[in-house]
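1. Here is the input, now give the coordinates:
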Amino acid sequence: MAPMPSNLPVAIRTPLRQLVTPALLVLMPQLEHNEAAMRSLVRGRGANLRPHAKAHKSGGFTRWLLEQSNGEITGMCTQTVGETEAIVSLGGCKDVLLTNEVATDTAAARLASLAAAHPAATVGVLVDHRLQVEMLARAAATAKAKLRVLVEVDAGQDRCGVRADSPEVLSLVRAIEAEPVLDWGGLHVYHGGIQHVRAPSDRLAAVTAGPGEAARTALRSLSEHKLKPQVVTGGGTGTLMEDLQVGTHNELQPGSYLFMDGDYARNEDLRADGRFFQSLFLHATVISLDESAGKRVLDAGSKACDLVCGPPLATSIDDPALAEALRDVTYASGGDEHGVLRGVPPGVLPLGSTVQLVPSHCDPTVNLYDYMVGVRNGLVEHVWTIDARGY
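-> Residues are numbered from 1 along each chain as shown. Got it, this is the predicted structure:
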């Protein structure tokens, strides 16, 4: 893991207008609202909160989040070995779950070495095959470390995980329990494909039939053998309320709620009730224009903003009149370094002016940057290195 740079790329209290663009901004009041709102929604509902770090991939941001949480966060989730290393080594997190499988001795050895180097921390990982159990056990024994291992149950996404009604669920639990260097941590039952089901009623049906039914089936099978997992974990920002309503999970792992994005804004309830605010924006500059055609060219193309879930939306974070003027403006990629706004009203966004973009998908957009800039009242308040970007 590369060390955090000794000199920040942006000085604290730098005015927003002086930032080099494109830049990744996080508005602190909105971020603080989202962080507190999530804890409030989960509090007293029978489920612990384990936020997912794949949204930010940052050790420094993890430290900020843990400090804000007042002890109401169980730990953190990660999605790659590199993220796990960053969140433990740089973020100081004492309980991290890699919500994915590893299938090479090298990856298993990195996890075991991380656990050995941080004996006060719990490092967890998923399995859906006996060979993964054996690989993790070898690595942990070599490193003289312990790893927590959860069995992943397919919740209907047809991705990783064993079928809930398969004897493999019990077989994997027994295999984990047979290894002295492994602790069985429970079940991971997650369906990423239903996070953006737009209507709450449809989403509730999807959660009930997907992760809810998968968890119940696996739990029934294990109970017949007097086995009860400490944790059934899963869920996300989109299905949070439905996960709580279905009640099969006692740990939830949302991540995007901290930032939000254009795709989540299309979920009917998230758009309507103001539960979470958009805090993540791309800060871009107009570098060329054609007033007569209503065109503005920005210094933010496909290298600055992920486009898989659609184009970003142009707005202003500090000028409501400008935000309203940009409501019907469209963005199109002009290549790696250029973004093209069309439909800009006359006199709006002159050459050299700045504009903010709402990314359609926060996670892969964050992954494009070296650091995030936390801003309050037009001034830089935090600079967080995105330590695990790219892996």
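2. Residue nearest the middle of the protein, spatially speaking?
-> In the chain, the residue lying closest to the centroid (CA atoms, centre = their mean) is Ala55, at 2.7 Å.
3. Look up the closest residue to that residue, ignoring the ones flanking it.
-> Residue nearest to Ala55 in three dimensions, not counting chain neighbours: Gly255, with 3.9 Å by CB to CB, 6 or more residues apart in numbering. C-beta: built from backbone N, CA, C; applies to glycine.
4. Neighbours of that neighbour, how many?
-> By the criterion of other CB atoms under 10 Å, Gly255 has 21 neighbours.
5. same deal with the one 10 residues further on?
-> One way to gauge burial is a neighbour count; for Ala265, by other CB under 10 Å, it gives 14.
6. With Thr21 instead?
-> 16.
7. can you pull the buried residues of stretch 43-57?
-> Arg45, Ala47, Asn48, Leu49, Arg50, Pro51, His52, Ala53, Lys54, Ala55, His56, Lys57 (16 or more other CB atoms under 10 Å).
8. Nearest to His361, out of those: which one, please.
-> Ranked by distance to His361 (CB to CB), the buried residues of stretch 43-57 are led by Ala55 at 10.1 Å.
9. Could I get the contacting residues of the closest one?
-> By CB atoms under 8 Å, 6 or more residues apart in numbering, the contact list for Ala55 reads Gly255, Ser256, Leu258, Phe259, Cys362, Asp363, Val366.
10. How about Arg148?
-> For Arg148, the contact set (CB under 8 Å, 6+ apart) comprises Leu97, Thr122, Val123, Gly124, Val125, Leu182, Asp183, Trp184, Gly185.
11. So it versus Ala115, what's the distance?
-> Relative to Ala115, Arg148 is positioned 9 Å away (CB to CB, to the nearest Å).
12. got any residues that touch both of those two?
-> By CB under 8 Å, 6+ apart, Arg148 and Ala115 have these common neighbours: Thr122, Val123.
13. ranges for the helices of the chain?
-> Along the chain, the segments classed as helices by DSSP state H run 28-42, 59-68, 81-89, 105-117, 130-143, 168-177, 200-207, 213-223, 240-246, 262-265, 268-273, 320-325, 362-366.
14. elements contacting the last one?
-> Applying 3 or more CB pairs under 8 Å, 6 or more residues apart in numbering; DSSP states H and E, one finds that helix 362-366 makes contact with strand 280-290.
15. Please repeat the previous calculation with a cut-off of 6 Å.
-> Helices and strands in packing contact with helix 362-366 are not found; criterion 3 or more CB pairs under 6 Å, 6 or more residues apart in numbering; DSSP states H and E.
16. Tell me how far it lies from the chain's centre.
-> Put simply, helix 362-366 sits 8 Å off its chain's centre (CA atoms, centre = their mean, to the nearest Å).
17. Same question for the shortest one.
-> Going by CA atoms, centre = their mean, the spacing between the C-alpha centre of helix 262-265 and its chain's C-alpha centre is 14 Å.
18. same deal with the fifth one?
-> The gap between where helix 130-143 is centred and where its chain is centred comes out at 27 Å by CA atoms, centre = their mean.
19. which parts of that helix are buried?
-> Residues of helix 130-143 classed as buried: Gln132, Val133, Met135, Leu136, Ala137, Arg138, Ala139, Ala140, Ala143 (neighbour count, 16+ other CB under 10 Å).
20. can you give me the angle it makes with helix 105-117?
-> Here helix 130-143 points in a direction 40 degrees away from that of helix 105-117 (axes from the mean of the first three to the mean of the last three CA atoms, to 10 degrees).
21. Only alpha carbons, please: show helix 130-143 as PDB.
-> This file holds the C-alpha atoms of helix 130-143, laid out as PDB (Å, rounded to 0.1, in the frame of the first residue of the first chain):
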ATOM      1  CA  ARG A 130     -14.400 -25.400  -0.100                       C
ATOM      2  CA  LEU A 131     -11.100 -24.700  -1.900                       C
ATOM      3  CA  GLN A 132     -11.300 -21.100  -0.700                       C
ATOM      4  CA  VAL A 133     -11.600 -22.300   2.900                       C
ATOM      5  CA  GLU A 134      -8.500 -24.400   2.500                       C
ATOM      6  CA  MET A 135      -6.600 -21.500   0.900                       C
ATOM      7  CA  LEU A 136      -7.500 -19.100   3.600                       C
ATOM      8  CA  ALA A 137      -6.600 -21.600   6.300                       C
ATOM      9  CA  ARG A 138      -3.200 -22.200   4.800                       C
ATOM     10  CA  ALA A 139      -2.500 -18.500   4.600                       C
ATOM     11  CA  ALA A 140      -3.700 -17.800   8.100                       C
ATOM     12  CA  ALA A 141      -1.600 -20.600   9.500                       C
ATOM     13  CA  THR A 142       1.500 -19.400   7.700                       C
ATOM     14  CA  ALA A 143       1.000 -15.800   8.900                       C
END
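22. Could you pull up the mean pLDDT of stretch 146-166?
-> Stretch 146-166 shows a mean pLDDT of 98.
23. List the buried residues in that stretch.
-> Neighbour-count burial for stretch 146-166 flags 146-156, 160-162, 164, 166 (criterion: 16+ other CB under 10 Å).
24. Where strands are concerned, which of those residues count?
-> Among the buried residues of stretch 146-166, DSSP state E puts Leu147, Arg148, Val149, Leu150, Val151, Glu152 in strands.
25. Export those as CSV, with columns for distance to Val380.
-> Shown next, in CSV, are those (distance: CB to CB, whole Å):
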residue, distance to Val380
Leu147, 39
Arg148, 38
Val149, 41
Leu150, 39
Val151, 44
Glu152, 40
